[in-house]
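A.B. asks: just to be clear, the model below is a prediction. Sequence and coordinates:
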Protein chains: 2
Amino acid sequence: MKLYDAPLSGNCYKIRLMLSLLGEKYEKITVNLAGGTRTDEFRKLNPRGQIPVLEDEELLLWDSQAILIYLARRYGGEQWLPTEAAAMAELMQWMAVAENELLYGLARARAVKLFKRPWNLAQCQEHGRAGLQVMNEHLAGRDWLCFQHPTAADIACYPYVALAPAGEIFLSDYPHVQTWMRQIQMLPGYINMEGITPVKS
Amino acid sequence: MKLYDAPLSGNCYKIRLMLSLLGEKYEKITVNLAGGTRTDEFRKLNPRGQIPVLEDEELLLWDSQAILIYLARRYGGEQWLPTEAAAMAELMQWMAVAENELLYGLARARAVKLFKRPWNLAQCQEHGRAGLQVMNEHLAGRDWLCFQHPTAADIACYPYVALAPAGEIFLSDYPHVQTWMRQIQMLPGYINMEGITPVKS
């Protein structure tokens, strides 16, 4: 497999982390975030002009959530992404939190601070905190978001939660989220990313 | 099944449309958008305080994309949502466009104009147009987003595309999107929503 990647992208880290947890080997192609995804050549790989992009033999996939779902189904199996309707939908609820409150809240707040993106910081922080609050209440007394074991949903949510402090959203208000982060950090095959501080036990 | 619904919500319409295309009966419970989702009682149904919510016997589900995936798997089957890894991921790419450019672009632009929400209209319109452009290029020479037949991805994308003019994003620049909209409007069981104009042939 080939992953078009950038070290500071939480969405790319999501894929690197999943590949590492599954023990899959791949080739990393680093794309320059300052323009490298906006070329005509890159848009042949991904018409949205974004990373990550994954190539697996003849298959070309864009979008971090779609790639995560592919890896979970193809290399992880039912334990990472069940196909029974009710179980799949339960997991997809948390994939949706990752794509809404966490991406448009936490990740955008980080991008305002780190990359000077033009979004409204207070609105992004409010949206992100709403997601953290829902996660924190759900994780009280639970180790994982669903099914009492790690799934694609945990890996989808983890990166931008763990990177939230860069958007000036502090995790000490969300103790159950912090405990869950530590569970992920202790998984065999866990890899870190620049900007994520390990949670102390 | 019971659907907690509001007539003007594109995310609720997504579920009403899917249920109608699948020929499934359900009870509709109309929730007042001005506060009805923010009560403690409603948050027992959905901790995010949003509609739609679906009850199917003992199962309680929130999030429109998760509910759509549930209905497609449980009542639609492989034709609406395949479970083979590559095919599922191909479909999930377009579910992601629905959750990103269409929801945070088109739907938010509509909400600024229609419900006086505080988002930056120009930013939302730009994000939404980027999604329409990607869809339009993809749909050149295709009737459906994937697999040459209608799937959950088409139903996920349709509502906020069809409602885009309410956010002052006009669809005449995206002729292949308009042709695709007409294919959806011609499906047996199609139902309309206030604000959506049928595409002329």
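C.D. replies: Cool, got the structure. Bear in mind the structure is a predicted one, so any value in this text is a computation, not a measurement. Residues are numbered from 1 along each chain as shown, chains lettered A, B, ... in the order given.
A.B. asks: how far away is the residue of chain A most remote from its centre from B:Y174?
C.D. replies: Ranked by distance from the centre of chain A (Cα atoms, centre = their mean), the top residue is A:D40, with 26.5 Å. Counting by Cβ to Cβ, to the nearest Å, the gap from A:D40 to B:Y174 is 20 Å. Heads up, the C-betas are built off the backbone N, CA and C, glycines and all.
A.B. asks: returning to that earlier point: and the gap between the residue farthest from the centre of chain A and chain B?
C.D. replies: Per Cβ to the nearest Cβ, to the nearest Å, A:D40 is found 13 Å from chain B.
A.B. asks: now that residue: phi and psi?
C.D. replies: Backbone torsions for A:D40, taken as degrees, to the nearest 10, come to phi -60, psi -40.
A.B. asks: hey, where'd the strands end up in chain A?
C.D. replies: Per DSSP state E, chain A carries strands over the ranges A:2-5, A:27-30, A:53-56, A:59-62.
A.B. asks: nearest to B:K113, out of these?
C.D. replies: strand A:59-62 (30.3 Å; Cβ to Cβ).
A.B. asks: mind listing what's buried along the closest one?
C.D. replies: A:L61, A:W62 (16 or more other Cβ atoms under 10 Å in any protein chain shown).
A.B. asks: domains in chain A, as residue ranges please.
C.D. replies: Using automatic domain parsing, the domain ranges for chain A come out as A:2-76, A:85-185.
A.B. asks: could the ones you listed go into a markdown table alongside mean pLDDT and distance to B:L3?
C.D. replies: Converted to a markdown table, the domains of chain A look like this (pLDDT from 0 to 100; distance: least, Cβ to Cβ, whole Å):
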| stretch | mean pLDDT | distance to B:L3 |
| --- | --- | --- |
| domain A:2-76 | 96 | 25 |
| domain A:85-185 | 98 | 14 |
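A.B. asks: close to chain B: what parts of chain A are there?
C.D. replies: Within reach of chain B by Cβ under 8 Å from any Cβ of the partner chain, chain A has these residues: A:47-48, A:59, A:61-63, A:65-67, A:69-70, A:73-74, A:83-86, A:88-90, A:92-93, A:95-97, A:99-101, A:103-104, A:118-120, A:123, A:130, A:134, A:137-138.
A.B. asks: give the contact list for the closest residue to A:E84 other than its chain neighbours.
C.D. replies: Closest residue in space to A:E84, ignoring its immediate chain neighbours: B:R73 at 7.8 Å, by Cβ to Cβ, 6 or more residues apart in numbering or on different chains. Residues near B:R73 by Cβ atoms under 8 Å, 6 or more residues apart in numbering or on different chains: A:T83, A:E84, A:A85, A:M88, A:A89, B:W80, B:L81, B:T83.
A.B. asks: equivalent analysis for A:G36, please.
C.D. replies: Here A:G36 is in contact with A:F42 (criterion: Cβ under 8 Å, 6+ apart).
A.B. asks: and it, how close does it get to chain B?
C.D. replies: 18 Å.
A.B. asks: so which of the contacts of B:R73 belong to helices?
C.D. replies: Assigned to helices by DSSP state H, the following of the contacts of B:R73 qualify: A:A85, A:M88, A:A89.
A.B. asks: make TSV from the residues you listed and add distance to B:G36 and neighbour count to it.
C.D. replies: Shown next, in TSV, are the ones in helices among the contacts of B:R73 (distance: Cβ to Cβ, whole Å; neighbours: other Cβ atoms under 10 Å in any protein chain shown):
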residue	distance to B:G36	neighbour count
A:A85	28	20
A:M88	29	21
A:A89	24	26
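A.B. asks: closest one of those to B:M181?
C.D. replies: Closest to B:M181 out of the ones in helices among the contacts of B:R73 is A:A89 (26.7 Å), distances taken as Cβ to Cβ.
A.B. asks: for that closest one, what are its contacts?
C.D. replies: So A:A89 contacts B:L61, B:A66, B:I67, B:I69, B:Y70, B:R73 (Cβ under 8 Å, 6+ apart).
A.B. asks: residues contacting the second one?
C.D. replies: The contact partners of B:A66, by Cβ under 8 Å, 6+ apart, come to A:A89, A:E90, A:M92, A:Q93, A:M95, A:A96.
A.B. asks: ok, now the fourth one?
C.D. replies: By Cβ under 8 Å, 6+ apart, the residues touching B:I69 are A:M88, A:A89, A:M92, B:L81, B:M95, B:A152.
A.B. asks: so A:Y70 sits right up against B:L91, yeah?
C.D. replies: No: assessed by Cβ atoms under 8 Å, A:Y70 is found out of contact with B:L91, at 10.6 Å.
A.B. asks: looking at those two, which is more packed in?
C.D. replies: Under the criterion of other Cβ atoms under 10 Å in any protein chain shown, the comparison of A:Y70 against B:L91 puts A:Y70 first, with 28 against 25.
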